[in-house]
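S.K.: need a structure here:
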Amino acid sequence: MPEMEEDSSREIFLSIDDTPIYFREDWNTGIGGGLWSTGLAIARYFEHHHSHVCTNLNRLDEMKRKRGDIDGISAIELGSGNGFLSVCLLALAHTASLSLKNVVVTDMGHHLSLMEKTISTNPHVWDELIVTRGGSSSTYHGSASNKKKEQQMSSVTVAEYRWGVDDFDQT
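M.R.: Residues are numbered from 1 along each chain as shown. Below is the predicted model of the structure:
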């Protein structure tokens with residue numbers, strides 16, 4: 001079971017509008033264990049331009065609602081490696097009180113533990129974490145909605161994506 005409690009001794013890697021993001025590179029886990037320069041650039045953009053990004057996310061949500069889709073926004077990160085950018089997106093949504101109905105974080109099977117670790121280290125930006133492995137799943141509970149009552153629940157699914165296979169199943 002991953003560590004779900006916020007630990008004040010951890011170092012904040014970056015903050016998005018006062019929402020801390022905890023992350024540590026672990027190149028020992030392979031190529032997905034590090035933060036690539038492009039990922040860091042996107043994260044820094046989110047950090048320094050969060051109000052613009054949130055404005056656009058809110059516009060997208062508003063457009064979906066006008067079309068009758070009131071479930072919020074869903075997102076998928078293919079080839080996540082370590083899950084860091086999904087945590088940044090969840091922090092943006094948390095900051096904007098925007099509902100991210102479901103965020104699916106995927107990569108090859110040997111990266112599942114790394115994605116799970118990164119996401120579970122940041123329970124303040126999600127409400128439910130579902131980790132699927134080998135046909136079974138585990139569910140954990142975070143605390144994002146506890147802090148912002150007007151916000152709908154955000155669910156994160158961590159799952160293996162088998163490249164070239166078209167029968168992806170989240171359950």
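S.K.: going by C-alpha atoms from here, please, whenever you check contacts or count neighbours.
M.R.: OK.
S.K.: next one: the longest strand belonging to the chain to chain centre, how far?
M.R.: Across the chain, the longest stretch assigned as strand under DSSP state E is strand 100-107. With C-alpha atoms, centre = their mean, to the nearest Å as the basis, strand 100-107 stands 7 Å off its chain's centre.
S.K.: now what about that strand, what contacts it?
M.R.: Applying C-alpha atoms under 8 Å, 6 or more residues apart in numbering, the external contacts of strand 100-107 come out as 71-81, 83, 86, 90, 93, 112, 115, 152-162.
S.K.: counting neighbours, what do you get for G142?
M.R.: The number of residues packed near G142 is 23, by other C-alpha atoms under 10 Å.
S.K.: okay but it is in contact with P123, surely?
M.R.: Yes - under the criterion of C-alpha atoms under 8 Å, G142 lies in contact with P123, with a separation of 4.4 Å.
S.K.: contact partners for E11?
M.R.: Under the criterion of C-alpha under 8 Å, 6+ apart, the contact partners of E11 comprise Y22.
S.K.: three-state assignment of T132?
M.R.: When the structure is split into helix, strand and coil by DSSP: H, G, I helix; E, B strand; the rest coil, T132 lands in strand.
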